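Peer 1: Below are the sequence and a predicted model; questions follow.
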Amino acid sequence: MSKEMIEKILKEIRHTFTGLILFEQLLNAILAFLLVYFVLFMFGIPPLYGAIPAAAIYFILNFTRRVRGIDVDIIEKKYPQLNERLRTVRDSLDQNNFIVEKLRDEVDLKMSKVTVGSFFDMKQSFLKIGAVCLLCFMIIFTSIFNLRLINDMGEFITTAGEKAVAISSNINDFFEGNAEGNGGDGGGLNGAAIFGSKSKAELGKDEVLMQMQYANDEIDYSREKQIEDQQFEERFLNSRGFEGAVDATYKEEYSKTDRKVIKSYFMEIANNK
Amino acid sequence: MKKEDAMLSSEYEKLRKTFDALYEQLDKIVIGQRETVELILIGLLADSNVLLEGFPGLGKTLMIKTLAQCLDLKFSRIQHTPDLMPSDITGTQVIEEVGGKRFFKFQPGPIFANIVLADEINRATPKTQSALLEAMQEKQVTVASKTMPLDLPFFVLATQNPIEQEGTYPLPEAQADRFLLKVVVRYPTFEEEVKIAEQYAKRQKNDEIKAVIGKNSLLALQQFTRQVPISSDMVQQAVKIVTSTRTDKNLEYGASPRASIGLILAAKARAILNGRNHVSEEDLKTMAYPVLRHRIILNFDAERQGMKPDDAIKELLKRV
């Protein structure tokens, strides 16, 4: 067998395996496309923007990697009778003697028993085709009924952002003491609700301002002013509006009939005991 | 198509049968030792030299003498002793007188043969040992400034005794490296020894040995061996095995690039001997032992653990 024939065989091996890899990687790329499409659709992201580049990159990278790895040892592993012989033939293309000729003849004879189908994993391919069909069905189904986890990712991000900004603003206001309810109207998270309002108290003859420090638990107080002397009646009785009153239900005089009723009532209670 | 190729074209198909016939002839005299015979044949096919190491009385001389008869090659034996001189090996100029005229005539030494058995080579002095160096490598001898080529094929089979090391001169590394293989000749098995005892105790006359492979065929086979194809993976693996000896944790001294060439050549010869037309990984791993065991030196730690060179090679092959 001539050197040209061996070169032809080696080229044919490369060509055949390139075809097999192309089919396999196309199937994988379709699967990747559909999977990414479905995931993006469920999360409300325009699916074509991500699915096409993802599938294309996947296909290109894997295809080139697998094609570069095509070598005769793929066949040697599958067909042990060709072990070491095929690669020896590959590496001795420039030699031409009777031993090499015999080796080439032997390899040619054994190569006739090699079939392309033995390198094609039917089970795996069918599983992938099944997965493609399932994904197509899921995409169509969710599209018809508009079933999504998130309707619009853009809107979701915007809303989430606004909420995050609001929370952040409240936290800032809280620590800067500008929140609502801090000595004023209530509502919202503010220092007054936690630390209490600023208050004025009278200690002896001094009016004192007392305020809890936000950064620590110290109480800040300072003298406001000296209070004016006031009489008890002036300060408390008049200012509070105290006055005596008789309970309208209290009576000193009862009628005979009332007295009888009351008496019999208490007799009843005493007899029942 | 060359004449030798045409001959080989038909002989390739019958190669296995030829070697089987060779073994059949050898089995008449040599009982067992099949592995040793195979390794010597590998050395022959690789056109290189072999060092045999074994205890006395294992039939080393008888084996090589019988092999020379089977190959129809001129055989000579040199018994090395401490007083052996280089001229005793290479030959010397002697004065001859013819018709009243005297002239120097070269008297060739025992090295002028096809198969030279250098018996107990470690008993000769380094000077005498080095007389073999040129012959083994260059296939030529220089005497009195005159270089004389040796008749091809030329093959040196040296033997050495692993015991009785007193008064011996261990082969220097430079000379040991020129032997392709170091073959350890082992004791025969019990059944083989029974057969030996029966055969050699009964009769004294040797059976007639027929030549199986001629001189020219052997030369052609040697060329044939070099043409056995080997994949680049196998070449790299062979080099990897040899280079690993230089950094191995058990070894003080590793093998040289000559070992890489020798390993590939020995693997090719083994492939041919087994009737294969390509070199396999098994060839490399099997030939690693005889090719490397005399080219490596164990370090102190390995020797302290009682390790032998073959053990170190076995561990190295597992790692590679």
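Peer 2: Great, that's in hand.

Peer 1: Please enumerate the strands of the stretch 51-200 of chain A.
Peer 2: According to DSSP state E, counting those that start in this stretch, the stretch 51-200 of chain A carries its strands in the segments A:199-203.

Peer 1: Go through the chain and flag its longest helix.
Peer 2: Assuming you mean chain A. Ordering each helix of chain A by length in residues (DSSP state H) puts helix A:3-42 first.

Peer 1: um, chain B though
Peer 2: helix B:257-273.

Peer 1: May I see the buried residues of the helix or strand just after that helix?
Peer 2: Using DSSP states H and E, the helix or strand that follows helix B:257-273 in sequence is helix B:281-292. Across helix B:281-292, burial judged by 16 or more other CB atoms under 10 Å in any protein chain shown covers B:283-292. Where you see a C-beta, it was placed from the backbone N, CA and C, and this is true even at glycine.

Peer 1: Quickly check: helix B:281-292 near chain A or not.
Peer 2: Yes. On the criterion CB under 8 Å from any CB of the partner chain, helix B:281-292 is in touch with chain A at B:E281.

Peer 1: Quick one: the helices in the chain, in order.
Peer 2: You didn't pick a chain, so chain A it is. Counting by DSSP H, chain A has helices at residues A:3-42, A:47-68, A:73-78, A:85-91, A:98-111, A:122-145, A:153-176, A:191-195, A:232, A:239-240, A:256-272.

Peer 1: hmm, I had chain B in mind actually
Peer 2: Applying DSSP H to chain B gives helices spanning B:3-13, B:15-29, B:34-45, B:60-70, B:86-90, B:126-138, B:173-176, B:190-202, B:215-226, B:232-244, B:257-273, B:281-292, B:300-304, B:309-319.

Peer 1: Quick check: mean pLDDT of the last one?
Peer 2: Mean per-residue pLDDT for helix B:309-319: 93.

Peer 1: what's the offset of that helix from the middle of its chain?
Peer 2: Helix B:309-319 sits 23 Å away from the centroid of its parent chain (CA atoms, centre = their mean, to the nearest Å).

Peer 1: Which elements pack onto that helix?
Peer 2: helix B:232-244, helix B:281-292 (3 or more CB pairs under 8 Å, 6 or more residues apart in numbering or on different chains; DSSP states H and E).

Peer 1: run the last query once more with 6 Å
Peer 2: helix B:281-292 (3 or more CB pairs under 6 Å, 6 or more residues apart in numbering or on different chains; DSSP states H and E).

Peer 1: got the angle between the helix it packs on and helix B:257-273?
Peer 2: For helix B:281-292 against helix B:257-273, the angle by axes from the mean of the first three to the mean of the last three CA atoms, to 10 degrees is 130 degrees.

Peer 1: What lies in contact with helix B:281-292?
Peer 2: B:39, B:181-183, B:237-238, B:241, B:255, B:259, B:262-263, B:266-267, B:270-271, B:310, B:313, B:317 (CB atoms under 6 Å, 6 or more residues apart in numbering or on different chains).

Peer 1: again with stretch B:114-121
Peer 2: Contacts of stretch B:114-121 (CB under 6 Å, 6+ apart): B:64, B:68, B:73-80, B:153, B:155-161.

Peer 1: residue closest to the middle of chain B?
Peer 2: For chain B, the residue nearest the mean C-alpha position is B:V50 (1.9 Å; CA atoms, centre = their mean).

Peer 1: how many neighbours does the residue of chain A found nearest chain B have?
Peer 2: Going by CB to the nearest CB, chain B is nearest to A:S92 of chain A, at 3.8 Å. Residues lying near A:S92 (other CB atoms under 10 Å in any protein chain shown) number 23.

Peer 1: what's the neighbour count on the nearest residue to it once chain neighbours are set aside?
Peer 2: Leaving aside its sequence neighbours, A:S92 sits nearest to B:P229 (CB to CB, 6 or more residues apart in numbering or on different chains; 3.8 Å). Here the count is done by other CB under 10 Å, and B:P229 has 23 residues near it.

Peer 1: ok, now which ones touch B:P229?
Peer 2: B:P229 sits in contact with A:88, A:92, A:95, A:100, B:278, where contact means CB under 6 Å, 6+ apart.

Peer 1: likewise A:N151?
Peer 2: Counting by CB under 6 Å, 6+ apart, the residues that A:N151 touches are A:G44.

Peer 1: what are the phi and psi angles of it?
Peer 2: With angles defined as degrees, to the nearest 10, A:N151 sits at phi -70, psi -50.

Peer 1: Nearest to chain A: which residue in chain B?
Peer 2: Nearest residue of chain B to chain A, counting by CB to the nearest CB: B:P229, 3.8 Å away.

Peer 1: Chain A - how does it break down into domains?
Peer 2: Per automatic domain parsing, the domain ranges recorded for chain A read A:3-151, A:198-240.

Peer 1: Out of the ones you listed, which gets the lowest mean score?
Peer 2: Among those, domain A:198-240 scores lowest, with a mean of 68.

Peer 1: which of the contacts of B:P229 sit farthest apart?
Peer 2: With CB to CB as the measure, no two of the contacts of B:P229 lie farther apart than A:Q95 and B:H278, at 11.6 Å.

Peer 1: burial count for A:N97?
Peer 2: A:N97, neighbours per other CB under 10 Å, totals 17.

Peer 1: Apart from its chain neighbours, what residue comes closest to it?
Peer 2: A:N97 sits nearest to B:Q227 (CB to CB, 6+ apart), 4.4 Å away.

Peer 1: what's near enough to touch the residue sitting nearest the centre point of chain A?
Peer 2: By CA atoms, centre = their mean, chain A has its centre lying nearest to A:F43, at 11.1 Å. A:F43 makes contact with A:149-150, A:153, according to CB under 6 Å, 6+ apart.

Peer 1: Could you spell out which stretches of chain B belong to which domain?
Peer 2: B:3-81+B:112-227, B:229-320.

Peer 1: Determine which of these approaches A:V114 most closely.
Peer 2: Closest among the domains of chain B, once you apply CB to CB, is domain B:229-320, at 17.8 Å.

Peer 1: Would you work out how far apart the start and end of the closest one are?
Peer 2: End-to-end distance for domain B:229-320: 22 Å, by CA to CA, to the nearest Å.

Peer 1: chain center to that domain, what's the gap?
Peer 2: Mean-position distance between domain B:229-320 and its chain equals 17 Å (CA atoms, centre = their mean).

Peer 1: Check stretch B:23-39 too.
Peer 2: On CA atoms, centre = their mean, the centre of stretch B:23-39 falls 15 Å from the chain's centre.

Peer 1: And for it, what's in contact with it?
Peer 2: B:63, B:66, B:70, B:181, B:183, B:185, B:188, B:192, B:195-196, B:207, B:209-210, B:212, B:290.

Peer 1: Report the buried members of those.
Peer 2: For the contacts of stretch B:23-39, buried by 16+ other CB under 10 Å: B:63, B:66, B:70, B:181, B:183, B:185, B:188, B:209, B:212, B:290.

Peer 1: Widest-spaced pair of those?
Peer 2: Between all members of the buried ones among the contacts of stretch B:23-39, the farthest pair (by CB to CB) comes out as B:I209 and B:P290, at 25.6 Å.

Peer 1: where does the closest residue to B:F155 other than its chain neighbours land on pLDDT?
Peer 2: Setting aside the residues directly before and after it, B:F155 is nearest to B:I115 in space (CB to CB, 6+ apart), at 5.0 Å. B:I115 carries a pLDDT value of 91.

Peer 1: bridging residues for B:I115?
Peer 2: As for beta bridges, B:I115 partners with B:F75, B:F155 under DSSP bridges.

Peer 1: That one - how many residues pack around it?
Peer 2: Neighbours of B:I115 (other CB under 10 Å): 22.

Peer 1: near chain A, which residues of the stretch 101-250 of chain B?
Peer 2: B:227-229, B:231-232 (CB under 6 Å from any CB of the partner chain).

Peer 1: Low-confidence regions, chain B specifically.
Peer 2: Along chain B, the model assigns pLDDT under 70 to residues B:1-13, B:164-166, B:203-207.
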